[in-house]
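Chemist: okay, predicted coordinates and the sequence, questions at the end:
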Amino acid sequence: MRGQLKTISIFLMVLLCFACKNQNKPQDKINIVDQEMKITAKDILGNPDYLAISYGGYRKKSREEQPTLVELKEDMKILSAMGIRIIRTYNVQLPHASNVLKAIRELKKEDSDFEMYVMLGAWIDCKNAWTGMEPDHNVESEANAAEIERAVNLANQYPDIVKVLAVGNEAMVKWAASYYVQPNVILKWVNHLQDLKVEGKLPTELWITSSDDFASWGGGDAEYHTPDLEALIKAVDYISMHTYPYHNTHYNPEFWTQPDDEEELSDKEKVDKAMQRALLFAQKQYDSVTNYMKSLGVNKPIHIGETGWASVSNGFYGPNGSRATDEYKQAMYHKLIRDWTSNAGISCFYFEAFNEPWKDAQNPKGSENHFGLFTVDGKAKYALWDMVDQGVFNGLTRNGNAITKTYNGELNALMENVLVPPTNTEMKAH
């Protein structure tokens, strides 16, 4: 009897194990999906384990040549190896953003451990933007409604990947003279998206923002301090602000030029001091937005939607201008801004992952083409040389090329291109 009971017990245990085994795979899949849905913008923004970056995968001089799914997956693997877990895209008019989402989904199917989330941008324009006609900054483009609808559809199609929707990119700042709109336009669409969340037509935990210059968020000139901006600050889930000390080396160079008391320092020390001042410049702009927001009785997260440093310029920021541009300064800014934001609990969508030659197609050495941490053909700039040495990119390629260092890894050759910031007298002469 005891032997029979033992046999029956063993049989039942085997049967139970078999049943559990059969259930494991579907159950695991359900758990993975549940887990992805439970991870929200609130969890990942400001979390140093989820580094962020701005991403465009364009490799040619025109956006008419869209990157393929294979190329996008190649890029996602490179960024993932770097520790990037959130990327920012800019519009859904072109196939790029939807293809990025497809690429991420395919990578997740191929590898259940692959993790990448998206801040999905919807581009916003004023009437007559980019048409050759006079832009009407008080009326929005008829195309905006369709752009928002496309963004909503993608957010609903990829709720496990899209964690933020951003209405517009530098769409309120007045120096964006080709297309800027008034804050009431951004407010209208932010409120629309927030209403869709309440109505159950968008994921409840999806965060809505707009990504704009620090001045547009009230951190600069008082002309931006309007009731509509106040309402917008109250309507968004967080503020996504841009700060560019790099551009200000030309437009507001007081922080950049060599102080008299640094005259006796070595050239490298002068450059290092200037980069520390660049970080302070960004921090002051961040603080100015924080102070304005708090003056309204609002207290919500502020993250950096864009900041970066170009490595090549033949214009305002090059040898005949502010002398701000080279790979050494870019690397130093990248390290300084990453260290500060990670320690402060701020997400920084560093601008940007890869060079994009379409941005100033007629001028190959224009700075806009050279903000990437990688060249188009997959060379890692100085900011990432340590990662190359550590083998982070082993086995990964871009455009068929293994990830190698710029300058063939020769630091002395790189440093030959590093210029010391000008004195006040020299800057005035420009």
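Modeler: Here it is on my side, so go on. Numbers count the residues shown, from 1 in each chain.
Chemist: in the stretch 201-350 of the chain, which spans are helices?
Modeler: Taking DSSP state H, counting those that start in this stretch, the helices of the stretch 201-350 of the chain run over residues 227-235, 245-251, 267-295, 327-344.
Chemist: mean confidence for the second one?
Modeler: In other words, helix 245-251. Helix 245-251 comes out with an average pLDDT of 98.
Chemist: hang on, the earlier thing: so which of the helices of the stretch 201-350 of the chain is nearest residue 362?
Modeler: helix 245-251 (19.8 Å; C-beta to C-beta). Every C-beta, even on glycine, is put in place using the N, C-alpha and C of the backbone.
Chemist: so of the helices of the stretch 201-350 of the chain, which one's packed in deepest?
Modeler: Comparing these by mean neighbour count (mean count of other C-beta atoms under 10 Å), helix 245-251 comes out on top with a mean of 21.
Chemist: count the neighbours of residue 369 for me.
Modeler: Applying other C-beta atoms under 10 Å, we find 22 residues neighbouring residue 369.
Chemist: can you tell me how far it is from residue 58?
Modeler: Counting by C-beta to C-beta, to the nearest Å, the gap from residue 369 to residue 58 is 11 Å.
Chemist: can you check which residues contact both of these two?
Modeler: Counting by C-beta atoms under 8 Å, 6 or more residues apart in numbering, the contacts common to residue 369 and residue 58 are 356, 357.
Chemist: before we move on, back to that, to residue 102, which of the helices of the stretch 201-350 of the chain lies closest?
Modeler: helix 327-344 (29.1 Å).
Chemist: what's the offset of that closest one from the middle of its chain?
Modeler: Between the centre of helix 327-344 and the centre of its chain there are 14 Å (C-alpha atoms, centre = their mean, to the nearest Å).
Chemist: the inter-axis angle of it versus helix 267-295?
Modeler: Taking axes from the mean of the first three to the mean of the last three C-alpha atoms, to 10 degrees, one finds that helix 327-344 is oriented at 40 degrees with respect to helix 267-295.
Chemist: just checking, what packs against helix 327-344?
Modeler: Judged by 3 or more C-beta pairs under 8 Å, 6 or more residues apart in numbering; DSSP states H and E, helix 327-344 is in contact with helix 267-295, strand 302-307, strand 348-350, helix 411-415.
Chemist: can we see that at 10 Å?
Modeler: Contact here means 3 or more C-beta pairs under 10 Å, 6 or more residues apart in numbering; DSSP states H and E; on that basis helix 327-344 packs against strand 51-54, helix 245-251, helix 267-295, strand 302-307, strand 348-350, helix 385-389, helix 411-415.
Chemist: what does the helix or strand just after the fifth one rub up against?
Modeler: Yep, that's strand 348-350 we're talking about. Counting by DSSP states H and E, the next helix or strand C-terminal to strand 348-350 is strand 379-380. Residues from elsewhere that reach strand 379-380, judged by C-beta atoms under 10 Å, 6 or more residues apart in numbering: 78, 82, 355, 372-374, 386-389, 392-393, 398, 401-409.
Chemist: buried ones from the residues you listed, can you make that a ChimeraX selection?
Modeler: To isolate the buried members of the contacts of strand 379-380 in ChimeraX, using 16 or more other C-beta atoms under 10 Å:
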select :78,82,355,372,373,374,387,388,392,393,398,403,405,406,407
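Chemist: out of the helices and strands packed on helix 327-344, nearest to residue 199?
Modeler: strand 302-307 (26.5 Å).
Chemist: same for that closest one, what does it pack against?
Modeler: Using 3+ C-beta pairs under 10 Å, 6+ apart, strand 302-307 is in contact with strand 51-54, strand 117-122, strand 162-169, strand 207-213, strand 239-242, helix 267-295, helix 327-344, strand 348-350.
Chemist: now these in CSV, with distance to residue 141 and mean pLDDT?
Modeler: Below are these laid out as CSV (distance: least, C-beta to C-beta, whole Å; pLDDT from 0 to 100):
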stretch, distance to residue 141, mean pLDDT
strand 51-54, 23, 98
strand 117-122, 12, 98
strand 162-169, 11, 98
strand 207-213, 16, 98
strand 239-242, 21, 98
helix 267-295, 27, 98
helix 327-344, 33, 98
strand 348-350, 25, 98
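Chemist: okay if I get the ones you listed as a markdown table plus distance to residue 97?
Modeler: As requested, those are exported to a markdown table (distance: least, C-beta to C-beta, whole Å):
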| stretch | distance to residue 97 |
| --- | --- |
| strand 51-54 | 12 |
| strand 117-122 | 6 |
| strand 162-169 | 9 |
| strand 207-213 | 14 |
| strand 239-242 | 16 |
| helix 267-295 | 26 |
| helix 327-344 | 24 |
| strand 348-350 | 14 |
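Chemist: re earlier: redo the helices and strands packed on helix 327-344 as a markdown table? Include distance to residue 225.
Modeler: Putting the helices and strands packed on helix 327-344 into a markdown table (distance: least, C-beta to C-beta, whole Å) gives the following:
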| stretch | distance to residue 225 |
| --- | --- |
| strand 51-54 | 28 |
| helix 245-251 | 21 |
| helix 267-295 | 7 |
| strand 302-307 | 17 |
| strand 348-350 | 25 |
| helix 385-389 | 43 |
| helix 411-415 | 44 |
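Chemist: among the ones you listed, which is nearest residue 332?
Modeler: helix 267-295 (4.4 Å).
Chemist: kindly export stretch 164-173 (C-alpha atoms) in CSV.
Modeler: This file holds the C-alpha atoms of stretch 164-173, laid out as CSV (Å, rounded to 0.1, in the frame of the first residue of the first chain):
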residue,chain,number,x,y,z
VAL,A,164,6.1,60.3,-23.3
LEU,A,165,4.4,62.4,-26.0
ALA,A,166,6.0,65.8,-26.7
VAL,A,167,3.9,68.4,-28.5
GLY,A,168,6.3,70.5,-30.6
ASN,A,169,10.0,71.0,-30.7
GLU,A,170,11.2,74.5,-30.0
ALA,A,171,7.8,75.5,-31.3
MET,A,172,7.3,78.5,-29.0
VAL,A,173,10.7,80.2,-29.0
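Chemist: can you pull the buried residues of it?
Modeler: Buried, per 16+ other C-beta under 10 Å, within stretch 164-173: 164, 165, 166, 167, 168, 169, 170, 171, 172, 173.
Chemist: listing request: residues of the stretch 1-150 of the chain with sub-threshold pLDDT.
Modeler: Scanning the stretch 1-150 of the chain with the threshold set as pLDDT under 70 gives 1-37.
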